[in-house]
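[1] coords below, sequence missing:
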Ligand code: HEM
Ligand SMILES: [Ca+2]
Ligand SMILES: [Ca+2]
């Protein structure tokens with residue numbers, strides 16, 4: 001249904017415009033690549049890849065940005081708004097915000113040294129968002145392996161896809177409140193845990209940041225899986241992937257074989273990008289990504 005050539009005649013400069021803007025944003029702040037990748041994930045897992053996550057809350061509209069996994073945590077909205085403004089200038093009301101998110105996620109991974117893939121296009125933008133689905137369908141950092149597998153299975157992503165997509169935590173940062181409990185658990189490297197506790201004490205410092213990948217936080221590589229094998233996962237949910245369970249073998253494979261990780265990650269990103277898109281005459285092409293057309 002989606003197609004890699006969707007904008008080839010209607011907006012031939014769409015992809016290059018997005019890439020330039022992503023490269024500029026990542027050059028200014030490497031973490032922005034992580035933030036843009038995460039936006040696409042949080043979009044696709046809630047109502048499908050329809051840019052629902054971008055709709056801002058107003059006095060009369062309750063969107064997804066106030067949901068537990070999103071509030072005070074998602075970032076990159078202004079970068080997306082800026083890209084949309086540039087794309088509107090070259091092709092008015094042609095390129096959807098949902099497609100911009102999918103392309104920006106790919107370009108972010110590439111900008112940080114990761115693998116590339118062909119992004120399928122033709123998604124349209126929702127006129128709705130769902131706070132309740134954002135709270136129910138996004139996995140939590142306290143999740144067990146079974147809960148992680150179930151959350152991804154709900155989106156028709158298998159356990160290999162789940163482990164591969166979790167490799168996105170090779171970049172970016174997390175807040176203390178999301179890893180405080182894990183750094184007092186027993187399945188964590190004691191030296192690693194002690195160093196994290198200096199900036200994430202038992203009380204206070206909730207929003208203090210630590211890198212999800214202690215080894216190469218700004219490079220998209222397979223170091224995340226090697227960290228898990230050294231019990232240096234930052235989130236409880238990260239370490240669940242290598243904790244004597246059914247995902248151990250996949251983690252070991254991705255840790256020792258960077259090409260196997262790249263292949264599984266790009267395959268899974270395409271699958272995630274295909275979750276319930278609006279196509280044809282469904283939805284709309286928003287003029288501004290943060291609000292429904294009036
Ligand atoms: C497997 C289940 C997952 C859980 C439980 C999870 C949870 C989290 C949490 C708690 C954070 C830190 C948020 C904060 O402290 O503000 C985070 C950050 C991040 N997540 Fe995930 N995540 C998961 C899967 C994914 C997937 C599939 C992707 C993308 C494909 C992804 C990409 C990211 C990125 C890039 C960051 C860093 C964002 C930044 O620095 O702005 N995560 N995740
Ligand atoms: Ca969505
Ligand atoms: Ca890394």
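    On my side now, so go ahead. Computed from a predicted structure; not experimentally measured. Ligands and ions are numbered 1, 2, ... in the order given.
[2] report pLDDT for the residue positioned nearest the centre of the chain.
    Centroid-nearest residue in the chain, with CA atoms, centre = their mean: residue 38, separated by 2.1 Å. Looking at residue 38, its pLDDT stands at 99.
[3] ok, the closest residue to ligand 1 within the stretch 151-294 of the chain to residue 259 distance?
    As assessed by CB to the nearest ligand atom, ligand 1 sits closest to residue 172 within the stretch 151-294 of the chain, at 2.4 Å. All C-beta spots, glycine's among them, are computed from the backbone N, C-alpha and C. To residue 259, residue 172 is 23 Å away according to CB to CB, to the nearest Å.
[4] which of those two has more residues huddled nearby?
    A count of neighbours by other CB atoms under 10 Å puts residue 172 above the other of residue 172 and residue 259, at 23 against 10.
[5] the more buried one is in contact with residue 34, isn't it?
    Yes: at 2.9 Å, residue 172 counts as touching residue 34 under the criterion of CB atoms under 8 Å.
[6] for the residue in the chain that ligand 2 sits nearest to, what are its contacts?
    Nearest residue of the chain to ligand 2, counting by CB to the ion: residue 52, 3.5 Å away. Residue 52 is in contact with 43, 46, 63, 64, 126, 128, 129, 130, counting by CB atoms under 8 Å, 6 or more residues apart in numbering.
[7] give me the pLDDT value at it.
    For residue 52, pLDDT reads 99.
[8] which non-adjacent residue is nearest it?
    Among residues not flanking residue 52 along the chain, residue 129 sits closest, at 4.1 Å (CB to CB, 6 or more residues apart in numbering).
[9] can you pull the contacts of the one you found?
    Taking CB under 8 Å, 6+ apart, one finds 46, 47, 52, 53, 55, 61, 62, 63, 64 in contact with residue 129.
[10] including secondary structure, could those go into TSV?
    As requested, the contacts of residue 129 are exported to TSV (DSSP: H, G, I helix; E, B strand; the rest coil):
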residue	secondary structure
46	coil
47	coil
52	helix
53	helix
55	coil
61	coil
62	coil
63	coil
64	coil
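[11] pull out the buried members of the residues you listed.
    Neighbour counting over the contacts of residue 129 (16 or more other CB atoms under 10 Å) leaves 46, 47, 52, 53, 55, 63, 64 as the buried ones.
[12] let me have the residues you listed in a markdown table, extended by distance to ligand 1.
    A markdown table is the format used below for those (distance: CB to the nearest ligand atom, whole Å):
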| residue | distance to ligand 1 |
| --- | --- |
| 46 | 13 |
| 47 | 16 |
| 52 | 17 |
| 53 | 13 |
| 55 | 19 |
| 63 | 18 |
| 64 | 15 |
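[13] of these, which is the nearest to residue 16?
    For those, the minimum distance to residue 16 (CB to CB) is 24.6 Å, reached by residue 53.
[14] where's that closest one relative to residue 97, distance?
    In terms of CB to CB, residue 53 sits 10 Å off from residue 97.
[15] and if you look at residue 218?
    Distance from residue 218 to residue 97, by CB to CB: 26 Å.
[16] which residues are common contacts for residue 53 and residue 97?
    In terms of CB under 8 Å, 6+ apart, residue 53 and residue 97 are not both contacted by any residue.
[17] distance of the nearest residue to residue 173 once chain neighbours are set aside relative to residue 151?
    Using CB to CB, 6+ apart and skipping the chain neighbours, the partner closest in space to residue 173 is residue 209 (4.3 Å). From residue 209 over to residue 151 the distance is 24 Å, taken as CB to CB.
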